[in-house]
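J.: coords please:
(2 chains, ligands or ions: 1)
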Amino acid sequence: MSQAINFDPIRLPPEAEELRLEVRAFLAEEITNGGFDPTATIMKSGFDREFSKRVGAKGWIGMTWPKKYGGQERSFLERYVVTEEFRVANAPVTAHFTADRQSGPVLLKYAPEHIKLDVLPSITLGECCFCIGMSEPNSGSDLFAASTRATATDGGFLINGSKLWTSNAHQADYMIGLFRTSPCTKENRRHGLTQFLVKLKQSGITINPVRNMAGKHEFNEVLFENLFIPEDHVLGEVDGAWKQATSELAYERSGPERFLETFYVLTELVRILGDKPDARAAEGIGRLVAQVHTLRRMSVSVNGMLQAGKEPVLEGSIVKDVGTLWEQALPAHARNLSAFIDSNPTNRAAFDELLQFATTIAPKLTIQGGTTEVLRGIIARGLGLR
Amino acid sequence: MSSSDNLLVDTTTRIFQDLADPQTVNAATNEVWKTELWTALEESALTLAWVSDDRGGGGANLADGFDILNVSGRFAVPVPLGETLLAGWLLDAAGLPSPPGQMSVAPARLRDRLTIGPNGTLSGKALGIPFAGSVGFIVALADQDGMPHVVQIAPQDCTILSAPGLSGDGRDAVTFDSAAPVAMAPLPANLGDQALGLMGAAVRASQIGGALQAILNITTEYAQERTAFGRKISKFQAVQHNLAKLAGETAAAVAAASSAADTIQTMEDFNDSVFFETASAKIRVGEAAGEGAAIAHQIHGAIGFTDEHVLHRFTQRLWAWRDDFGNESEWAVQLGNFIANGGADELWPLLASR
Ligand SMILES: Cc1cc2nc3c(=O)[nH]c(=O)nc-3n(C[C@H](O)[C@H](O)[C@H](O)COP(=O)(O)OP(=O)(O)OC[C@H]3O[C@@H](n4cnc5c(N)ncnc54)[C@H](O)[C@@H]3O)c2cc1C
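T.: I've put the predicted structure just below:
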């Protein structure tokens, strides 16, 4: 028998469960104080720098990082609890989550020491927002087609070209950008791209909004015109960004945010179906809950592997593939299961509003951060088929 | 399955590899191998793993038993290993010794109920009893004056209407008409029909997880061997994506099953956590069984639809096992009612508690 797919039944340790209580108390107090409004976070915006600062003050951003960079040196499983509780509470994490999940770990691994000491602590304080500059007009799934150029010049590089779909670029302080430093080679079409730390608020960068179909301004077009980036802002190997991608993927793909984005629909569905659902509705709820429970158990298991120092790229990709399809299908299930609920204005209206919103944003869930098709390619590679 | 440093898992794997290799037994012209397989399992104390040492069993913990069952699933086990484990567990829970040989359990459907009359005989009808026609004893859970009892019955003392079932292993309708027990004892009050249903569901979940792991391997290997249009079919993106989906279903099934097994192992009682985890697991593995079997057949083409190929040994058992001890719909209704009863605001705390 070749390799077996295993997901050990990892349980969250007592310190993580203690932390959960602390996080819940914090969130409850925030809601009571008007610190944030969960419904507004879902329907309007999840970007709130003041909230991020309060989270930073609790030590819950970059919490797995070394103390000398502002981290808390806590475990992945503790971070897991913080992430899932914030998600389910619909707390506005947009201003810090990208840096916490993705950009910070990249800097930790590839940035020079003085930059780490400069940037990482401000991330942990919730004072520094990141965006991801990978996709371009002609380079989405095929990341290695990126053509925005970084040309070597005295003491650094000059950037020319554009990024597209850059979430929160208009509100962020930094981007981690992927730029072309050399043409690809015959032997390796992935060669020639380099990751850079880019300070956003300076001349040479123009950021234009791109409204999404939910009517919101979240992603952007980012234009670069002779933007100078100093040499020490290169992250990792020049021309070798392709080697750096894989180890980040497991972190990026396996978190609870990969199946909980529409979870509020399930909670509200249970609410309007009431305590005596008919068999059809009960079965529907039962199946949905069985799915989300299983996804969560898979995701915790992958985070246990990360904590143990493994690189569960295959398992992480599976969680994202199954998870994003589930969170995408959830609004449609809820629509079917709620079909026979009376139009009691006190709860039906609120439910319908959330359901409509979730239905509208559902298409993006299997596109952002790598499409279903791309993920399946990665899983196929993990199975040894490529 | 936690790790391969588990001696019981290694032993079980070796026995199945040596004596029940799916390819070999699929081509066998007689069933001598079944006897040899059973003898080997019995000699290694695997069949009564859940019976305590002092009652002649293997004295393994529940988690070890579920690991054994995962392995048995990887070989599409064609003997009543899961059923005998369950029967031994029931007898042991009632303080009764277990006989050697093969056993089955009743009821195996969530809605069937058996009763013990005032004269101490067993009555009632239980459908879909696996292997009922070929085992030495049927161990039944029955009610006497509101108290659950374990009853050991000889098959010749009941009426068995044999049917092969989806797996061909036998899913028999058993009628007990004032059947006289070989042995009988009350169960502790915390065990009853629901506990048996949950244990049975967890047994099948472990086996389905194992069978899907094997199917993923078999199907992946086949795709890398079979050529069409001048290429290995594994090079077609549609086939790759189907295999990726199969990997997702397998992963979900294994994760759900091992989480439920772990919960049963760590909880002292068949409490709400056990119900929540096991019901979820049976629902999810049942869905994965259907989806996974369909994908595996699609990738195999016609050869997978033959008697000669091993695939059907797995897929037919997946279809049989997902029906035993509650199918997805039955558990989903129970779980849905449980969630509804707790209310919307208890849903997340419940999920997070596991
Ligand atoms: C809400 C949202 C936020 C985003 N935020 C960011 C961000 O912050 N930063 C950033 O860099 N990007 C961001 N993106 C962009 C995202 O990463 C890309 O949209 C994604 O990688 C797909 O690229 P594309 O849109 O160009 O689609 P394409 O790559 O053109 O794909 C179109 C279709 O073709 C399929 N396809 C492509 N290649 C293959 C193949 N080899 N095999 C099979 N099918 C294939 C795809 O799966 C898809 O179905 C965001 C996207 C969304 C929707």
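J.: only C-alpha atoms from now on, for both contacts and neighbour counts.
T.: Fine.
J.: please enumerate the helices of the stretch 251-354 of chain B.
T.: Ranges of helices in the stretch 251-354 of chain B, per DSSP state H, counting those that start in this stretch, are B:272-300, B:311-323, B:328-342, B:344-353.
J.: how about the helices of chain A, start to end?
T.: Using DSSP state H, the helices of chain A run over A:14-32, A:38-43, A:49-57, A:76-88, A:94-98, A:104-110, A:113-124, A:241-253, A:263-273, A:279-307, A:313-337, A:345-361, A:372-382.
J.: mind giving me the packing neighbours of the fifth one?
T.: Contacts defined by 3 or more Cα pairs under 8 Å, 6 or more residues apart in numbering or on different chains; DSSP states H and E place helix A:94-98 against helix A:49-57, strand A:130-133.
J.: would you agree A:Phe130 is in contact with A:Met175?
T.: Yes. Applying Cα atoms under 8 Å, one finds A:Phe130 in contact with A:Met175, separated by 5.4 Å.
J.: re the thing from before, highest mean neighbour count out of the helices and strands packed on helix A:94-98?
T.: With neighbours taken as mean count of other Cα atoms under 10 Å in any protein chain shown, the helices and strands packed on helix A:94-98 reach their highest mean count in strand A:130-133, at a mean of 26.
J.: list the strands paired with it, with their directions.
T.: Within its sheet, strand A:130-133 is paired with strand A:174-180 (parallel), according to DSSP bridges.
J.: any residue of the partner strand up close to the ligand?
T.: No. If you take Cα under 6 Å from any ligand atom as the test, strand A:174-180 misses the ligand, and the best it gets is 8.3 Å.
J.: contacts for that strand, please.
T.: By Cα atoms under 8 Å, 6 or more residues apart in numbering or on different chains, the residues outside strand A:174-180 that reach it are A:103, A:128-134, A:146-150, A:159, A:169, A:192-200, A:239, A:241.
J.: which ones among those residues come in contact with the ligand?
T.: Contacts with the ligand within those, as defined by Cα under 6 Å from any ligand atom: A:Cys131, A:Ile132, A:Gly133, A:Met134.
J.: can I get those in TSV including distance to B:Thr266 and pLDDT?
T.: Listed next are these as TSV, based on distance: Cα to Cα, whole Å; pLDDT from 0 to 100:
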residue	distance to B:Thr266	pLDDT
A:Cys131	43	98
A:Ile132	43	96
A:Gly133	46	96
A:Met134	46	95
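J.: list the buried residues of stretch B:190-202.
T.: For stretch B:190-202, burial by neighbour count (16 or more other Cα atoms under 10 Å in any protein chain shown) applies to B:Leu191, B:Gly192, B:Asp193, B:Ala195, B:Leu196, B:Gly197, B:Leu198, B:Met199, B:Gly200, B:Ala201, B:Ala202.
J.: er, stretch B:10-23 actually
T.: Buried, per 16+ other Cα under 10 Å, within stretch B:10-23: B:Thr12, B:Thr13, B:Ile15, B:Phe16, B:Leu19, B:Ala20, B:Pro22.
J.: so B:Pro107 touches B:Ala126, yeah?
T.: Yes. B:Pro107 lies in contact with B:Ala126 (Cα under 8 Å); the separation is 5.4 Å.
J.: for chain B, what's the nearest residue on the stretch 51-200 of chain A?
T.: Per Cα to the nearest Cα, A:Val88 is where the stretch 51-200 of chain A lies closest to chain B, at 7.7 Å.
J.: what's the end-to-end length of stretch A:183-191?
T.: 7 Å (Cα to Cα, to the nearest Å).
J.: follow-up on the earlier one: how about the helices and strands packed on helix A:94-98 in TSV, adding distance to B:Ala352?
T.: Shown next, in TSV, are the helices and strands packed on helix A:94-98 (distance: least, Cα to Cα, whole Å):
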stretch	distance to B:Ala352
helix A:49-57	21
strand A:130-133	29
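J.: now do the contacts for A:Thr185.
T.: By Cα under 8 Å, 6+ apart, A:Thr185 lies in contact with A:His191, A:Gly192.
J.: any idea how far it is from the ligand?
T.: In this view, A:Thr185 and the ligand are 20 Å apart by Cα to the nearest ligand atom, to the nearest Å.
J.: swap in A:Asn347?
T.: Distance from A:Asn347 to the ligand, counting by Cα to the nearest ligand atom: 29 Å.
J.: ok, B:Ile264 next?
T.: From B:Ile264 to the ligand the distance is 41 Å (Cα to the nearest ligand atom).
J.: what about the nearest residue in space to A:His293 that is not next to it in sequence, neighbour count?
T.: Spatial nearest neighbour of A:His293, excluding adjacent residues (Cα to Cα, 6 or more residues apart in numbering or on different chains): B:Leu351 at 6.1 Å. Neighbour count for B:Leu351, taken as other Cα atoms under 10 Å in any protein chain shown: 18.
J.: sounds good, over and out.
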